[in-house]
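**Student:** Need coordinates for the below:
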Amino acid sequence: MRILIIEDEEKLAKALQKGLEKEGYAADYLLDGDSGQRRIVLNHKDYDLVILDLMLPKIDGFQIAKNVRDMNILTPIIVLTARDATDDKVFALDSGADDYLIKPFSFEELMARVRALLRRPEQVIPTELQIKNLTLNAATRKVYRGEKELPLTLKEFSMLEYLMRHPSQVLTREQILDHVWDFAFDSFSNVVDVHMKNLRKKVDTDYDEKLLETIRGVGYRIKG
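**Tutor:** Numbering: from 1, shown residues only. This is a model prediction of the structure:
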């Protein structure tokens, strides 16, 4: 899952980014409303959720929420506000926000709101994925090959989930970088190849049937 933070207090934005990444999410942050709105409009398909401060320079969060909803962009939005006025909460929700948090807030409460908004109906995005005898549960973050549990890192888990949600489809290194890492990551890095090598050891080494495939010069896919 990938999250966009639009927050003009850079210290808070960096703290949120760091906390989200520890929880296994990819996170980017921007510091003003104008660049934040542009990123949502141009790249909303890359994000699963937006954390949006209301009091921003250039364009405020109320207007951003309204503008992106007017464009029929449905990415979930959590707004952050330092004001506890009921009118602000109502206006934020009427502008198109899905939820709000009043500053100061605990990171645990933010994560609870994030998890609630990222839940999707199972018929749209199933919690449990299975290919052959490989099973991944997105809720428990556990992966099994047959009866054996595979100890994956957060990045390995995210890569495998992305592949399993696109069975038999070739995913380029750039697509994997965009989905699992953030925009600032060096696209010329071999980080995808290194993680894939480790992932393949865990998923395929002890089994006759190999599920992860390298498509030379393009990227990777998992057999459907």
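**Student:** where along this structure do the strands fall?
**Tutor:** Listed in chain order, the strands of the chain (DSSP state E) span 2-6, 26-30, 49-53, 77-81, 99-102, 128-131, 134-137, 142-145, 148-149, 171-172, 212-215, 219-222.
**Student:** Of all those strands, which one is nearest Leu163?
**Tutor:** strand 219-222 (4.2 Å; Cβ to Cβ). C-betas here are computed from N, CA, C, even on glycine.
**Student:** name the helices or strands packed onto the lowest-mean-pLDDT helix or strand in the chain?
**Tutor:** Sorting the helices and strands of the chain by mean pLDDT, DSSP states H and E puts helix 86-95 at the bottom, at a mean of 79. Contact here means 3 or more Cβ pairs under 8 Å, 6 or more residues apart in numbering; DSSP states H and E; on that basis helix 86-95 packs against helix 61-70, strand 77-81, strand 99-102.
**Student:** Domain boundaries for the protein, per the record?
**Tutor:** Per the record, the chain has its domains at 2-118, 128-222, by automatic domain parsing.
**Student:** Deepest-packed of those, please.
**Tutor:** domain 2-118 (a mean of 17; mean count of other Cβ atoms under 10 Å).
**Student:** just to revisit the earlier point, now the strands of the chain in JSON lines, with distance to Phe62 and mean pLDDT?
**Tutor:** Converted to JSON lines, those look like this (distance: least, Cβ to Cβ, whole Å; pLDDT from 0 to 100):
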{"stretch": "strand 2-6", "distance to Phe62": "12", "mean pLDDT": "96"}
{"stretch": "strand 26-30", "distance to Phe62": "17", "mean pLDDT": "95"}
{"stretch": "strand 49-53", "distance to Phe62": "9", "mean pLDDT": "96"}
{"stretch": "strand 77-81", "distance to Phe62": "8", "mean pLDDT": "92"}
{"stretch": "strand 99-102", "distance to Phe62": "11", "mean pLDDT": "89"}
{"stretch": "strand 128-131", "distance to Phe62": "38", "mean pLDDT": "90"}
{"stretch": "strand 134-137", "distance to Phe62": "38", "mean pLDDT": "94"}
{"stretch": "strand 142-145", "distance to Phe62": "41", "mean pLDDT": "95"}
{"stretch": "strand 148-149", "distance to Phe62": "46", "mean pLDDT": "94"}
{"stretch": "strand 171-172", "distance to Phe62": "37", "mean pLDDT": "90"}
{"stretch": "strand 212-215", "distance to Phe62": "46", "mean pLDDT": "94"}
{"stretch": "strand 219-222", "distance to Phe62": "41", "mean pLDDT": "94"}
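**Student:** related to what we said a few turns ago, what's the closest of the helices and strands packed on helix 86-95 to Arg145?
**Tutor:** Closest to Arg145 of those is strand 77-81 (Cβ to Cβ; 36.0 Å).
**Student:** Give the other helices and strands that that closest one contacts.
**Tutor:** strand 49-53, helix 61-70, helix 86-95, strand 99-102, helix 107-118.
**Student:** ok and it relative to helix 86-95, angle-wise?
**Tutor:** Put simply, strand 77-81 runs at 160 degrees to helix 86-95, going by axes from the mean of the first three to the mean of the last three Cα atoms, to 10 degrees.
**Student:** quick one, strand 77-81 and strand 49-53 angle?
**Tutor:** Angle of strand 77-81 versus strand 49-53, following the same axes, to 10 degrees, is 20 degrees.
**Student:** So in that sheet, which strands flank strand 77-81, and in what orientation?
**Tutor:** Strand 77-81 has its sheet partners listed here by DSSP bridges as strand 49-53 (parallel), strand 99-102 (parallel).
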